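Participant: would you be able to build a 3D model of this:
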Amino acid sequence: MQLDKLFSNFGLASSAAELVTLVLVLLVLSTLFWLLIGRFRLHNFLINMYISLAILQVVPKDVMDFSKNSSVLLFLIFVVLLTLLNRYLFDIHQSGSGLALWQVFVMSFLEVVLLLSIIFSFLSAKDVTKYISKTSLGYFVDPWWSLAWMILPLAFLVFVKKRDK
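Facilitator: Model (predicted):
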């Protein structure tokens with residue numbers, strides 16, 4: 001049974017049930033992402049996503065033509081490689097106890113949404129809408145939402161740093 005249909009059975013409108021389902025899935029993914037990456041490497045992973053996206057923007061188109069989803073594949077390869085080589089490439093050390101638990105969760109949420117936004121932007125809408133609705137997809141790939149997902153993690157870091165001082 002699909003989760004949004006379960007919420008519809010509780011009396012929620014189908015669009016509200018879908019939105020609740022999307023938020024719950026994002027919260028679960030955020031928690032898993034945080035546990036996988038670790039609270040002290042969230043900043044590094046964010047930087048790796050920006051670097052990977054920048055690299056992908058300058059890769060020649062003939063290199064990208066090897067597969068239908070080559071952009072997604074190369075983006076994920078770049079992110080994973082940069083994350084694995086992070087200690088050797090970038091020595092970004094976060095001193096002290098790091099972020100508070102709520103800050104770690106918000107940061108992992110923003111990074112998961114940014115990651116999905118980038119991945120969905122490389123895939124065709126027809127393929128993605130097999131799994132989520134067009135409305136939900138709009139929250140990830142609409143130009144204004146994409147811009148927001150790119151800026152929000154950085155703005156959150158600035159907000160957290162100002163509060164620490």
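
Participant: give me the low-pLDDT residue ranges for this structure?
Facilitator: Low-confidence segments of the chain (pLDDT under 70): 1-4, 7-8, 87-99, 162-165.

Participant: max-length helix in this structure?
Facilitator: Across the chain, the longest stretch assigned as helix under DSSP state H is helix 14-37.

Participant: and that helix, what does it pack against?
Facilitator: Helix 14-37 makes packing contacts with helix 3-9, helix 101-122, helix 134-141 when contacts are defined by 3 or more Cβ pairs under 8 Å, 6 or more residues apart in numbering; DSSP states H and E. In this view, the C-beta of every residue, glycine as well, is placed from N, C-alpha and C.

Participant: run the angle between it and helix 101-122 for me.
Facilitator: Angle, helix 14-37 to helix 101-122, by axes from the mean of the first three to the mean of the last three Cα atoms, to 10 degrees: 110 degrees.

Participant: would you mind measuring from L27 to F109?
Facilitator: L27 sits 7 Å away from F109, taking Cβ to Cβ, to the nearest Å as the criterion.

Participant: sorry, wrong one. I was asking about A125.
Facilitator: As judged by Cβ to Cβ, A125 and F109 stand 24 Å apart.

Participant: who's more crowded, these two?
Facilitator: Remark: of A125 and F109, F109 carries more neighbours, 21 against 12, as counted by other Cβ atoms under 10 Å.

Participant: list the contacts of the closest residue to that one other than its chain neighbours.
Facilitator: Nearest non-adjacent residue to F109, counting by Cβ to Cβ, 6 or more residues apart in numbering: S30, 4.1 Å away. For S30, the contact set (Cβ atoms under 8 Å, 6 or more residues apart in numbering) comprises F105, S108, F109, V112.

Participant: how near is the last one to W144?
Facilitator: Okay, so that is V112. Going from V112 to W144 by Cβ to Cβ gives 19 Å.

Participant: and for the first one?
Facilitator: In this structure, F105 and W144 are separated by 25 Å, where distance is defined by Cβ to Cβ.
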